[in-house]
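Peer 1: I need the structure of the sequence given here:
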Amino acid sequence: MARKCENCDIMEKYKYWNELPATEHSFFKVMPDDFDRQLLIPKKFSECFKEKLCGWCILVGPSGKKWRVRVSTAKQNSGRVMFSNDGWPSFVRDHGIQFRDFVTFHYIGSSSFKVSIFDASGCEREESYFAKTGYKSQSNLGNSVEEISSNSRGKKKRSVSFDEYDEDDYMSEDYKDESDGESSVFNQFGRLSSSSLSKSTRAKLSQMYYESNRRTVSEAEMQIAIQKAEKHKRRRTKFPLFPIIMKRTYVYRGFNFTIPKKWAMQHMLRKPHQIELRVPKKRESWMVGCRWTRSQQCQLRKNWPQFVLENNLEEHDVCVFELISKDEVESKATIVVYIYRVVDDVVPLTVSRRMV
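Peer 2: Numbering: from 1, shown residues only. The predicted model follows:
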């Protein structure tokens, strides 16, 4: 068997995780000793999967019924992502899952996995098709973030949600590699200095995987950024706006940025057009291409990676997009982007040839 070149192997891995639809991705687990309390998700899957695994997810059993399970970080396993004891034990009990059972998880979109369960015989567990417990579909599942607010008697938690701009209302289309070459994409890596790169080089680097060098951020810091965006959203303004939390696939790889569908249908020009993005207190602006897909998704594509890199956007930062003008004749719009960072100190990203 001929040995593949290193770049070919990297490219194949990149295309698998970034160009294939998320609904093509699966993982399996052989149930370990402590499987009935919590279950670690494979590290490679949680790191490479282009949909963010956090908050709540839905597990759809063989019966078609749904179980609500919290996804959290395991403190004793180097921050590994896992199905926690908030929901997972019920799923195990209701399906009769046993030690060393082989369980597959196939992503089906909207933070949901279709689950199949196999016993030691190599066949599916019959009883799993007749599990009767589950939950009735709820709105806003997993889209709220706990905000800590203080009062005279101490601290309490309340739910903060960008319900009006619910990200479950849309799904990003698969990322298409629009570069004019493949192997040359991998020739540069290291510290990013986007202002020193040529236009063609920036376009190629935008196809790569970027790694954050920012320090670890806390839940409290994430909540503060959300609170600032919420406060901005409540301001009186004559311009339509929407807040959105930056995901890995918006700012580190793929650069799939889709405007919330309900908002886009109401406010955006319904044709391909250019958007001038402005950032307060900055003289320069960025012309970004906007397009509508066949599934009626409004996406920022051309030059969006440059906007991200030159403004040092990172995962969990919250941006408020405010549409201040649009011109049907000239096919142009202007949006001011207010950036609420989780960490104020900006540290350049690293461009890596590690795709997985």
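Peer 1: Show me which positions of stretch 40-50 end up buried.
Peer 2: By neighbour count with 16 or more other Cβ atoms under 10 Å, stretch 40-50 contains the buried residues Leu40, Ile41, Phe45, Ser46, Cys48, Phe49, Lys50. C-beta: built from backbone N, CA, C; applies to glycine.
Peer 1: between those, which is nearest Met31?
Peer 2: Leu40 (11.2 Å; Cβ to Cβ).
Peer 1: Now do the same contact list for the closest residue to that closest one other than its chain neighbours.
Peer 2: Residue nearest to Leu40 in three dimensions, not counting chain neighbours: Met82, with 4.7 Å by Cβ to Cβ, 6 or more residues apart in numbering. Going by Cβ atoms under 8 Å, 6 or more residues apart in numbering, Met82 touches Gln38, Leu39, Leu40, Ile41, Val71, Ser72, Thr73, Ala74.
Peer 1: As TSV, those residues with secondary structure would be great.
Peer 2: Listed next are those as TSV, based on DSSP: H, G, I helix; E, B strand; the rest coil:
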residue	secondary structure
Gln38	coil
Leu39	strand
Leu40	strand
Ile41	coil
Val71	strand
Ser72	strand
Thr73	strand
Ala74	strand
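Peer 1: Now which of those would you call buried?
Peer 2: Among those, those buried by neighbour count (16+ other Cβ under 10 Å) are Gln38, Leu39, Leu40, Ile41, Val71, Ser72.
Peer 1: Surely Ile259 touches Phe242?
Peer 2: Yes - contact criterion Cβ atoms under 8 Å: Ile259 and Phe242 qualify, at 7.4 Å.
Peer 1: any idea where the helices of the stretch 151-300 of the chain begin and end?
Peer 2: For the stretch 151-300 of the chain, the helices defined by DSSP state H, counting those that start in this stretch occupy 199-205, 219-233, 248-251, 261-267.
Peer 1: May I see the buried residues of the last one?
Peer 2: If I follow you right, that is helix 261-267. In terms of neighbour count (16+ other Cβ under 10 Å), helix 261-267 has its buried residues at Lys261, Trp263, Ala264, His267.
Peer 1: Would you mind pulling up the elements that it packs against?
Peer 2: Using 3 or more Cβ pairs under 8 Å, 6 or more residues apart in numbering; DSSP states H and E as the contact test, the elements touching helix 261-267 are strand 298-300.
Peer 1: looking only at pLDDT, what's the mean for the strand it packs on?
Peer 2: Mean per-residue pLDDT for strand 298-300: 92.
Peer 1: do stretch 37-57 as well
Peer 2: The average pLDDT within stretch 37-57 is 84.
Peer 1: Please save the CA atoms from it in PDB.
Peer 2: In PDB, the C-alpha atoms belonging to stretch 37-57 read as follows (Å, rounded to 0.1, in the frame of the first residue of the first chain):
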ATOM      1  CA  ARG A  37     -22.800   8.200  36.600                       C
ATOM      2  CA  GLN A  38     -21.200  10.000  33.700                       C
ATOM      3  CA  LEU A  39     -19.600   9.400  30.300                       C
ATOM      4  CA  LEU A  40     -16.500  11.000  28.900                       C
ATOM      5  CA  ILE A  41     -16.900  12.000  25.200                       C
ATOM      6  CA  PRO A  42     -13.800  11.100  23.100                       C
ATOM      7  CA  LYS A  43     -11.300  13.800  23.300                       C
ATOM      8  CA  LYS A  44     -10.700  13.900  19.600                       C
ATOM      9  CA  PHE A  45     -14.400  14.300  18.900                       C
ATOM     10  CA  SER A  46     -15.000  17.100  21.300                       C
ATOM     11  CA  GLU A  47     -11.900  19.000  20.100                       C
ATOM     12  CA  CYS A  48     -12.500  18.600  16.300                       C
ATOM     13  CA  PHE A  49     -16.300  18.500  16.100                       C
ATOM     14  CA  LYS A  50     -17.400  21.800  14.500                       C
ATOM     15  CA  GLU A  51     -20.600  22.200  16.600                       C
ATOM     16  CA  LYS A  52     -20.000  23.400  20.100                       C
ATOM     17  CA  LEU A  53     -20.800  20.800  22.800                       C
ATOM     18  CA  CYS A  54     -21.900  22.600  25.900                       C
ATOM     19  CA  GLY A  55     -24.900  23.200  28.000                       C
ATOM     20  CA  TRP A  56     -27.700  20.700  27.200                       C
ATOM     21  CA  CYS A  57     -28.000  18.200  24.500                       C
END
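Peer 1: Relative to the whole chain's centre, how far out is it?
Peer 2: Distance of stretch 37-57 from the chain centroid (Cα atoms, centre = their mean, to the nearest Å) equals 11 Å.
Peer 1: Next: stretch 319-336.
Peer 2: Its chain's C-alpha centre and that of stretch 319-336 lie 25 Å apart, by Cα atoms, centre = their mean.
Peer 1: hang on, the earlier thing: mutual contacts of Ile259 and Phe242, please.
Peer 2: In contact with both Ile259 and Phe242: Phe321, using Cβ under 8 Å, 6+ apart.
Peer 1: Pick out whichever of the two has more residues nearby.
Peer 2: Set side by side, Ile259 and Phe242 show more neighbours around Ile259, with 23 against 20, by other Cβ atoms under 10 Å.
Peer 1: Kindly state the pLDDT recorded for the more buried one?
Peer 2: pLDDT, read off for Ile259, is 93.
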